[in-house]
Every structure is written in C-alpha cells, then in structure tokens.
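Peer 1: Here is a sequence together with a model predicted from it:
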Amino acid sequence: MSTRVLIIDDEPNIVISLEFLLKREGFAVSIARDGEEGLAAIRDLRPDLVVLDVMMPKLDGFAVLQAVRADPTLAATRILMLTAKGREAEQKKGLTLGADAYMPKPFSTHELIAKARELLTRVD
C-alpha cells in the first residue's frame, strides 16, 4: 500500500508542484484547499504525512496543527509545515505546537522530499 500524503494549501501553484513531486516519488497524494477541509481530510483519510501551509482561509495551519495534536486518535500524525511565514518566531511557534518539521517557502524540492522521507521513516 502506498504511503498517503495530504497537502493542505490554498495556493494552486504550490499544490500542483507538491502533488507532482510527491506522486513522482510514489506517494498517494490527496489535497485540501483550506484549514477546515484539511482537518476533515486528516480525520477521514488518516494520512501518513501532512504537508501543511500556515496562511489559509477558514482555519490557519497553526489551528489545524493544534486540533490534530489535541485529538488522541490523530496526535501521532506526521506534520511538515511548509510556509512563506519563515521567520524564526513562526518556526518556533510551529515546532512548539507540535510540528514534526518546518520548511520555509520557497523550498528546495530535494530538501522537501528528503524531509518527507525522513519523517516517514523516523521512529519515535
């Protein structure tokens, strides 16, 4: 069975790029275009990894992250925050709230794939 990755991002160009990259690597990819849809998709799909933007309509990425970490049935979900909000304060906030990793946009495709693979193979 393929590893399931959920992309939660409202920027169409980023979604297209991420979807292409992740599918090329053999992942089964699903997409949500805002925080509410993304949180519902996490509950329904139980992805192995979530690539989560911060700035989105309805619920921002920090709120999605907090909701996932507060739900014992979802808390172990791997979350890679990928966002234009790359200042140290935002990174610290994301990691403090429980993100497994935080990458600023623009991102290196090689680094993104390497980080995704690292998160998916890491044993806590």
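Peer 2: Okay, I see it.

Peer 1: what is the residue sitting nearest the centre point of the chain paired to in the beta sheet?
Peer 2: Using CA atoms, centre = their mean, the residue of the chain that lies closest to the mean C-alpha position is Val51, 1.8 Å off. With DSSP bridges as the criterion, Val51 is bridged to Ile7, Leu80.

Peer 1: right, and Ala99 touches Ile79 too?
Peer 2: Yes: using CB atoms under 8 Å, Ala99 is in contact with Ile79, at 5.1 Å. C-beta here means a position set from N, CA and C on the backbone, and glycine is covered the same way.

Peer 1: which stretches of this protein have low pLDDT?
Peer 2: 1, 85-86, 123-124 (pLDDT under 70).

Peer 1: buried ones in the helix or strand hosting Lys23?
Peer 2: Of the helices and strands defined by DSSP states H and E, Lys23 is found in helix 12-24. Within helix 12-24, the residues that count as buried by 16 or more other CB atoms under 10 Å are 14-15, 17-19, 21-22.

Peer 1: And for stretch 76-93?
Peer 2: Buried-residue list, stretch 76-93, by 16+ other CB under 10 Å: 77-83, 85-86, 90-91, 93.

Peer 1: how far does that stretch sit from the chain's center?
Peer 2: 9 Å (CA atoms, centre = their mean, to the nearest Å).

Peer 1: Ends of it, what's the gap?
Peer 2: 18 Å (CA to CA, to the nearest Å).

Peer 1: Spit out the contact partners of the residue nearest to the centre of the chain.
Peer 2: By CB atoms under 8 Å, 6 or more residues apart in numbering, the contact list for Val51 reads 5-9, 18, 22, 80, 82, 116.

Peer 1: Format these as CSV; extra columns: distance to Met56.
Peer 2: Formatted as CSV, the contacts of Val51 follow (distance: CB to CB, whole Å):
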residue, distance to Met56
Val5, 17
Leu6, 13
Ile7, 11
Ile8, 7
Asp9, 7
Leu18, 14
Leu22, 19
Leu80, 15
Leu82, 12
Ala116, 20
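
Peer 1: sorry, back to before: measure the residue nearest to the centre of the chain to Pro72 for me?
Peer 2: From Val51 across to Pro72, the span is 23 Å (CB to CB, to the nearest Å).

Peer 1: No more questions from me, cheers.
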